[in-house]
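J.: Make a model of this:
(4 chains)
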Number of protein chains: 2
Amino acid sequence: MTSETKDRILNTAERLFADEGVGVTSLRDITKEANVNLAAVNYHFGSKVELLKAILERNLRPINNQRIKLLDDLSKKNKGEIPAIEDILSAFLGPPFYAWAELDTTEEKQQGLKFLRFLGQCHSASEEIRASLFEQFDLVVERFTEALQTALPNLAPDEVRRRMEFTLGAMSHTMILFELTAQKQDEKETPRQLFESLIRFAAAGFSTTSPLATSKKNISKKSKK
Amino acid sequence: MTSETKDRILNTAERLFADEGVGVTSLRDITKEANVNLAAVNYHFGSKVELLKAILERNLRPINNQRIKLLDDLSKKNKGEIPAIEDILSAFLGPPFYAWAELDTTEEKQQGLKFLRFLGQCHSASEEIRASLFEQFDLVVERFTEALQTALPNLAPDEVRRRMEFTLGAMSHTMILFELTAQKQDEKETPRQLFESLIRFAAAGFSTTSPLATSKKNISKKSKK
DNA sequence: GTCTATATGCGGATAGAC
DNA sequence: GTCTATCCGCATATAGAC
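T.: Next up, the predicted model:
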């Protein structure tokens, strides 16, 4: 049996990290609430950061698998033909939202929102946390960057990468705001609206033509008519 | 004289926070390097977080002032006429970059990049830091949201706000990546390219037409031709 | 192997002498 | 205003009980 203690730590920590935040949740808080000894965390995981990584891994794997699956399905469906930008982005940005939308009870949904917020925070946390996030995320981002490059053959590779980063930034920021959005508009389906808006925003950003030549110093030269 | 000690703390902390990160920089590190007593931080600022707020305030004020000024100039220049989206976004996203571009020496530039990264991190730090960031930022965001709404009269107010959030997310994420980008491409002007790409990406995102009706469950229905 | 009791050292904060 | 001494909570390490 893989140590019930280990699972109890994992579950309790997951809830506390999402609920209260990683920074303010101490190992003492976790072990007290889980009714295990303080040293158990170190025995089973090695450190607080390693525990965090384990939680990330456990929750991110199914989401990333779904992303890849959706992307593969896109390619298969339209045999040979290149998928639309919006569909590619939907396969990438959708899964975290789907995972949330599929939850049943109100409490589960609330908990799920908190986890999304937690995930978003990890994107811009300490270097070490970011690193462990991207350990499993990098390959996914790579695959989607390739797909987008194929769909946008005229866009310079550097520019595709930059736009992918902008999308990642908008995504993580959106995840942080998810909770607030959902609570404000009591129970309404606004998270879905937020998610749809994000896809549309990013798709438009990706689809715009290459940036102006960088020779001119004056950057914004657009006419008003 | 407003305490030379206070200034020394402020300067040293600013450098260390940006250089090493807020989390790993202890008050002991700061006070040792600044040659002041450990208790001085608490006397002058109250706490580590308050010190951080003071640094944020000092650096953000001129940037935010420039943002407002640029926006005002836009309105004045084309009397009555509504400015282009790209110009509005340029006035908002440009100042942090200008502040960096105006620095002279290589060391100053490097330091400036680190500060931009630090600023970006604050966007998704603890609730308390975020709050102090937005204490002075909220009004600016409000003004620009209004300007964008005016330039996009057909876009629902909720949607304008959402897109502003996406832009903020892309911006803070970009600031975090600034340092890396600049170092990779040895000394080249890529930060400017990054900044221009961001404006273009966000402008396209803002300019796209309203999202699909939310009645349909199937979200991505775009045809390929 | 699994867990506990306990120790180490560093962090921010503070009371009170000067 | 400045400094010393000290407090308490923290993550982490380890010795040894079961």
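J.: quick one: average pLDDT of the longest helix along chain A?
T.: If you go by DSSP state H, chain A has its longest helix at helix A:48-77. Mean pLDDT, computed over helix A:48-77, is 95.
J.: can you tell me if that helix touches DNA strand D.
T.: Yes - counting by CB under 7 Å from any atom of the strand, DNA strand D has neighbours in helix A:48-77: A:48-49. Glycine gets a C-beta too; all of them are placed from N, C-alpha and C.
J.: Now A:F97: closest residue in space that isn't a chain neighbour?
T.: A:F195 (4.5 Å; CB to CB, 6 or more residues apart in numbering or on different chains).
J.: what about A:T5, helix or strand, and which?
T.: Here A:T5 is covered by helix A:4-20, with elements defined by DSSP states H and E.
J.: hmm, the helix or strand that comes right after that helix touching DNA strand D?
T.: Next in sequence after helix A:4-20, counting helices and strands by DSSP H and E, comes helix A:27-34. Yes - counting by CB under 7 Å from any atom of the strand, DNA strand D has neighbours in helix A:27-34: A:27-29.
J.: coming back round to it: am I right that the residue nearest to A:F97 is in contact with A:L93?
T.: Yes - between A:F195 and A:L93 there is a contact at 6.8 Å, judged by CB atoms under 8 Å.
J.: that older thread, now do the residue nearest to A:F97 against B:A101, distance only.
T.: 36 Å (CB to CB, to the nearest Å).
J.: Compare these two (neighbour count), which wins?
T.: Neighbour totals were compared for A:F195 and B:A101, and A:F195 leads with 22 against 14 (other CB atoms under 10 Å in any protein chain shown).
J.: Can you pull the poorly scored residue ranges out of chain A?
T.: A:1-2, A:180-189, A:210-225 (pLDDT under 70).
J.: Show me which residues of it are close to DNA strand D?
T.: With CB under 7 Å from any atom of the strand as the criterion, chain A comes near DNA strand D at residues A:25-29, A:38-39, A:41-43, A:46-49.
J.: let's go with 6 Å and repeat that
T.: Residues of chain A lying close to DNA strand D (CB under 6 Å from any atom of the strand) are A:26-28, A:38-39, A:42, A:47-49.
J.: What is the nearest of these to A:A203?
T.: A:V49 (35.8 Å; CB to CB).
J.: quick one: the closest one from DNA strand C, how far?
T.: 15 Å (CB to the nearest atom of the strand, to the nearest Å).
J.: residues contacting that residue?
T.: A:128-129, A:132 (CB atoms under 8 Å, 6 or more residues apart in numbering or on different chains).
J.: The helix holding A:T5 near DNA strand C at all?
T.: Yes - residues of helix A:4-20 are located near DNA strand C by CB under 6 Å from any atom of the strand, namely A:T5.
J.: Check the offset of that helix from the chain's centre.
T.: What separates the centre of helix A:4-20 from the centre of its chain is 20 Å, taken as CA atoms, centre = their mean, to the nearest Å.
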